[in-house]
Structure formats: structure tokens, C-alpha cells
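Trainee: need coordinates for the below:
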Amino acid sequence: MVFPFLVLYIHRGLGLSLELASSVAACWGLGSFVAGPLGGWASDRIDPVRLMGASMAGAGCLMVGFPWIRSLPWLVLCTFCLALLADLGRPSTMTALARLGGSEHGREAFALNYMAINLGMSIGPTLGGFLAEVDYRYLFWVDGVSSVIAASVLLLSGTVCPPVEKHPDRHVDWNIGRPALRMYFWLSLFFWSFMTFFAAGPVYAVKWLHLSEHDVGYIWLFNTLLIVLTNIWVNRLVSPYSLPKLLAAGCTCQALSYLTLIVAPGVGGLAVATLWLTLGEMLLFSNANAYVAQMVPPEKMGRAMGINSLCVSLSLITSAPTMGYFFSRHGPVWLWAAMGAAAGLAALGMARLPGHERAREETPEVSGGTV
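Mentor: Model prediction:
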């Protein structure tokens, strides 16, 4: 609910310049960057479900108090801490899904999780748009209280992850294998393009297309409802294809979304671009996690998902300043061109990833040592 409106809240609600608001929002990415490896390391040592609950509860409590923060230093610090608390649960969520779903149901588990995320995102930004028009503080209060409620339900549900079998002769480190690391490199490039769309979309819609905040919520509702209604069907339809091909197709759709914004700069173009974006993320997100789940040993899954969070964090750090720089100095078209090129390059890299069998050959397990 909060993140799509964070730059607008700091810019319009607190009266800071757009470039300064974008820089403050980048502190969210810094907090997420620290949370990624920390949460991945912790997920390999304690029950990831409990770590998820603690993350949601801590972030919810801080979010409730966020609207009272006015001074710039405290705003920077609390934005960093809010992301740190919230994203500690990101690696643990993926780790829990990998363990509970197992190798047989990995794709289905991640696809169902992605549908659940977007079901929440269908409600959050849409409701957030109406709340922002009344008072930006309501965004934080409603999001914070709902996070605490979700944490309570999760921790009281009794869900636990099965323990991972320990291998005393195998050293558990951060080397998750060349195929997974290659995939994460290209995923970082895709995430930069993807998160920049979400950072720039609300600002572009309000400042250039003269839409209201709740109209922005409707655009996000279109994105998330489409995922909720079609994600499982789309993943079943494309299941015969190899994961590298699906990842490349997802990046290509992202590039097409930016191309659409260049050739059709208007509300209709933004809607079509959102459609391409939606198809791309359905093809990429759950399949990227499934690729890692196939390639990485179970005892390193938390670390692998921590690296995944690092990719997201890097994009959060760079997306808002990228948007602020291009919008302030060059205009939207140059931003669309740069991000479209980044997504196209990621598509080429994803297409060259090894498949399941070749990837296994590239990640041999060395007796008594490191993978």
C-alpha cells in the first residue's frame, strides 16, 4: 500500500523536491540491501516462518509511527529501518516455500505465492489511492495495522518448516553455483528496469498525464487483478517450455512495455504498457525462483534467496534516483528508452542460461568442501 506512493508522499505530502524525495526513497533500497543477506543467513539457521512473522510485526509497528516523522535525518533513518524490518522476511518467505513445496511442487508453490502477493496488491494501492487523497497518514496506519494482524495470524497458525538434513562433510557458504549467480546477474538488470517502472509510473501519471492518486491506484489494480485471475493458468500453459526461455520471454515483455510508452505517450499507452509489464512479471518472477530452487542445494536455499533480495534491493536503491534524474533533466522518453534497453539486454542474458541438466554439470559438489 505504501511503496507505490512513497515518492509522492515525500514530495507532495512533506513538500520536498522531487529529486530529494527520490533520494530519500532510495534509502528504502539501502535498508532492503542490508536485510537481504541478513535474512538469508538467518533463514538457514532458524525457522523461516517465525522470521517472516517477526519481520511483518516489526515493520507494521514502525509504519504506524511513520507519519509523525518530519525532519529529514529522521526520515532517512526511519525509511532505512522500515525497509530493513520489512525485507528481513523476503528471503525467509522464499526459503519456506522452497522447503514446504519441495522439488515436485516448486513452480506451483512460487506461482501461488506470487498470486497471493498480487491479491494483496490489488487491494493495497487501490485503497491507498483513495486514502492518499484524504490524508497520506492513513496509508501508513492502515498498512501498519494490517501487517501486525497478518503477523499474528501467521505465528498463531502453527505452520513450521521441516528441518533440513545436515551434511557435516559439506561446507555451507555463499557460493550457490555459477548458473544461479548468472541468473541473478541478469535478474538484477531486469529488476532495475521493473522497479523503475513502479517508481516512475505514479509520478508520470500525476505530473504528466494529470491523473489523480486514486486513478494511479486503478492502474495498479488492473496489473494485480490480471495476475490474480490468470497467473496460475499462464504458468500451466507455459510449463512445457524451459525455464531459461520463459525468463527471456519475461524480460522481452518488459522491454515492450517501455517501447509502448515511447510510441504511445498517454493514458492508453500506459494501460497497454502495464499489460506487457504484467505478462512479463508472470513469466519471470515465479520461474526465476523455481530455477534457483532446482539449482541450489537445500542447505543453501536461505542464502540463495538472500541474494535474490539483494537483487531487489539494488533495484530499489537505483530505481527512484534513476527516475528522479531522467524526469528532472531529460524527460520521460529518455527514461523509457534506457530502461527498455536494460530489459532487452537482460532478455539476451537469460536466453543463454543453461538448462536443468547443463546447470547441474556446472555446479559439482566437491567432496568435503565447497559447492
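
Trainee: can you mark which positions in the helix or strand where V292 lies are buried?
Mentor: Take DSSP states H and E as the rule and V292 turns out to sit in helix 267-295. Neighbour-count burial for helix 267-295 flags 269-270, 272-295 (criterion: 16 or more other Cβ atoms under 10 Å). C-betas here are computed from N, CA, C, even on glycine.

Trainee: which strands and helices sit next to that helix?
Mentor: Contacts defined by 3 or more Cβ pairs under 8 Å, 6 or more residues apart in numbering; DSSP states H and E place helix 267-295 against helix 89-101, helix 106-134, helix 178-207, helix 213-237, helix 243-263, helix 301-329, helix 356-362.

Trainee: by how many degrees do the fifth one and helix 178-207 diverge?
Mentor: In other words, helix 243-263. Here the directions of helix 243-263 and helix 178-207 differ by 20 degrees (axes from the mean of the first three to the mean of the last three Cα atoms, to 10 degrees).

Trainee: mind listing what's buried along helix 243-263?
Mentor: Going by 16+ other Cβ under 10 Å, helix 243-263 has these buried residues: 243-262.

Trainee: angle of it against helix 213-237?
Mentor: For helix 243-263 against helix 213-237, the angle by the same axes, to 10 degrees is 150 degrees.

Trainee: and helix 243-263 with helix 267-295, angle?
Mentor: Following the same axes, to 10 degrees, one obtains 160 degrees for the angle between helix 243-263 and helix 267-295.

Trainee: elements contacting helix 243-263?
Mentor: Packing contacts for helix 243-263, counted by 3+ Cβ pairs under 8 Å, 6+ apart, involve helix 178-207, helix 267-295, helix 332-351.

Trainee: ok, which of these comes nearest N113?
Mentor: Among the helices and strands packed on helix 243-263, the nearest to N113 by Cβ to Cβ is helix 267-295 (7.3 Å).

Trainee: could you dump the helices and strands packed on helix 243-263 to JSON lines with distance to I227 and mean pLDDT?
Mentor: Listed next are the helices and strands packed on helix 243-263 as JSON lines, based on distance: least, Cβ to Cβ, whole Å; pLDDT from 0 to 100:
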{"stretch": "helix 178-207", "distance to I227": "14", "mean pLDDT": "87"}
{"stretch": "helix 267-295", "distance to I227": "6", "mean pLDDT": "86"}
{"stretch": "helix 332-351", "distance to I227": "18", "mean pLDDT": "94"}
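
Trainee: can you redo those helices as CSV with distance to L221?
Mentor: Formatted as CSV, the helices and strands packed on helix 243-263 follow (distance: least, Cβ to Cβ, whole Å):
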stretch, distance to L221
helix 178-207, 13
helix 267-295, 10
helix 332-351, 22
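
Trainee: nearest to I46, out of these?
Mentor: Of the helices and strands packed on helix 243-263, nearest to I46 by Cβ to Cβ is helix 267-295, at 20.1 Å.

Trainee: mind listing what the residue nearest the centre of the chain touches?
Mentor: Taking Cα atoms, centre = their mean, the centroid of the chain lies closest to V312, which sits 5.6 Å from it. By Cβ atoms under 8 Å, 6 or more residues apart in numbering, V312 lies in contact with 32, 36, 87, 90, 191, 195.

Trainee: go again using 10 Å as the cut-off
Mentor: Residues in contact with V312 (Cβ atoms under 10 Å, 6 or more residues apart in numbering) are 29, 32-33, 35-36, 87, 90, 187-188, 191, 194-195.

Trainee: and the two most separated of those residues?
Mentor: Farthest apart among these by Cβ to Cβ are A35 and F194. That separation is 18.9 Å.

Trainee: gap between S313 and G280?
Mentor: 20 Å (Cβ to Cβ, to the nearest Å).

Trainee: do the same with A150
Mentor: If you go by Cβ to Cβ, the gap between A150 and G280 works out to 28 Å.

Trainee: what's the answer for A346, then?
Mentor: A346 sits 10 Å away from G280, going by Cβ to Cβ.

Trainee: quick check: neighbours shared by the two?
Mentor: With Cβ under 10 Å, 6+ apart, A346 and G280 have common neighbours 190, 193-194, 250-252, 254-255.

Trainee: and which of those residues is nearest to L139?
Mentor: Taking the shared contacts of A346 and G280 together and measuring to L139 by Cβ to Cβ, the closest member is F194, at 22.2 Å.
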